[in-house]
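J.: Next comes the sequence, and after it the predicted model I'd like to discuss.
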Amino acid sequence: MAALGMVSLAACSDDSPSTTPGTTDEPNTTGEPNTTGTPTTTAPVSAAQLDRAEAAVTGFLDALGRGDIAVAASTVGPVSEARAAQAGGLEAMLRASTEGRGAWAAAPGRTVTTLGVEPGLVVVVLEGDLQVEGTREHRVAAFPARRAESADTWFVEPWAYDLTAGAPLQVVAPAVDEQEWATVPAGQPFPVTVASDTAGTVALSFAGDEPSDRPVEAGGRVVFPGARAGLVTAVLQAGPTLDATAFRTRAPGEA
């Protein structure tokens, strides 16, 4: 399968979609850090299914944090499992992720934003402070999850792309710093350009609102209206290939 290229994101305007996300606070009974969900309860995915997808992703990350490879492996989706097998094996990929993705298990102030993209597809975004080489830094990470309808089970798809080519969805503009912040002037359009030899679909969510999707031809360009500062989540699909990324935007001069 051909690898997808970079995605170029320019700056945001102040308008926003009308959908208002709900907030769900659940008691912590696991000993893991508290998580605050802000699921978008929109038509494509029910609130109950959003909760189940979120649980699959956080369970996957918490298992990595404990070093429980077997439990983490049981939640990985079939596309990621197949891709990992082609790149050295799923177990090796999971063990290599215990210090990276597994760090989310102990992230202070970890928050969770859960977005329904379409029936059977959810993206779970985690935000918090991670210990990176002894330094506490702000981080944002997005994890796609797909539902297996026959088993009515949600699986995490962290590597649903050609691993030899790297992650297909990369933000190149605006510049996103090492702590997942991007500075964007207000009142500008938000175009997305996909430099790829494979057509696909890009869905974008601003500030946790319902995602808006646009088809993208090979090397095409799509403009998303209604952008605003805050959390930005992008999802790229092309056949079985799936990738997601997220970051926060702020106005020039904001700390």
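T.: Looks like it arrived, so ask away. Residues are numbered from 1 along each chain as shown.

J.: Every contact and neighbour count from this point should use C-alpha atoms.
T.: OK.

J.: all helices in the chain, in order from the N-terminus.
T.: Per DSSP state H, the chain carries helices over the ranges 47-66, 69-74, 78-86, 90-96.

J.: nearest to Gly128, of those helices?
T.: helix 47-66 (13.3 Å; C-alpha to C-alpha).

J.: helices or strands up against the closest one?
T.: helix 69-74, strand 111-118, strand 121-132, strand 135-148, strand 153-156 (3 or more C-alpha pairs under 8 Å, 6 or more residues apart in numbering; DSSP states H and E).

J.: Swap in 7 Å and give it another go.
T.: Helix 47-66 is packed against helix 69-74, strand 111-118, strand 121-132, strand 153-156, with contacts defined by 3 or more C-alpha pairs under 7 Å, 6 or more residues apart in numbering; DSSP states H and E.

J.: Same list, these, but as JSON lines with mean pLDDT, distance to Gly100 and mean neighbour count please.
T.: Shown next, in JSON lines, are these (pLDDT from 0 to 100; distance: least, C-alpha to C-alpha, whole Å; neighbours: other C-alpha atoms under 10 Å):
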{"stretch": "helix 69-74", "mean pLDDT": "98", "distance to Gly100": "14", "mean neighbour count": "17"}
{"stretch": "strand 111-118", "mean pLDDT": "95", "distance to Gly100": "17", "mean neighbour count": "24"}
{"stretch": "strand 121-132", "mean pLDDT": "92", "distance to Gly100": "9", "mean neighbour count": "22"}
{"stretch": "strand 153-156", "mean pLDDT": "98", "distance to Gly100": "16", "mean neighbour count": "24"}
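
J.: Just send the ones you listed back as a markdown table, with distance to Pro144 too.
T.: Shown next, in a markdown table, are these (distance: least, C-alpha to C-alpha, whole Å):
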| stretch | distance to Pro144 |
| --- | --- |
| helix 69-74 | 15 |
| strand 111-118 | 10 |
| strand 121-132 | 4 |
| strand 153-156 | 6 |
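
J.: nearest to Ala246, of these?
T.: Per C-alpha to C-alpha, nearest to Ala246 of the helices and strands packed on helix 47-66: strand 121-132, 7.1 Å.

J.: can you list the residues that contact that closest one?
T.: The contact list for strand 121-132 (C-alpha atoms under 7 Å, 6 or more residues apart in numbering) reads 53-54, 57, 103, 107-116, 136-147.

J.: do stretch 234-246 as well
T.: Residues from elsewhere that reach stretch 234-246 (C-alpha under 7 Å, 6+ apart): 79, 140-144, 160-161, 168-169, 199-205, 232-233.

J.: same thing but 8 Å
T.: Contacts to stretch 234-246, defined as C-alpha atoms under 8 Å, 6 or more residues apart in numbering, come from residues 79, 123, 125, 140-144, 157-162, 167-170, 180, 198-205, 231-233.

J.: Just the buried residues from the contacts of strand 121-132, in PyMOL please.
T.: Restricted to buried positions by 16 or more other C-alpha atoms under 10 Å, the PyMOL selection for the contacts of strand 121-132 reads:
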select buried, resi 53+54+57+103+107+108+110+111+112+113+114+115+116+138+139+140+141+142+143+144+145+146+147
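
J.: Looking at the helices and strands packed on helix 47-66, which is nearest to Glu217?
T.: Nearest to Glu217, of the helices and strands packed on helix 47-66 and by C-alpha to C-alpha, is strand 111-118 at 19.6 Å.

J.: what's that closest one packed up against?
T.: When contacts are defined as 3+ C-alpha pairs under 8 Å, 6+ apart, strand 111-118 sits against strand 36-37, helix 47-66, strand 121-132.
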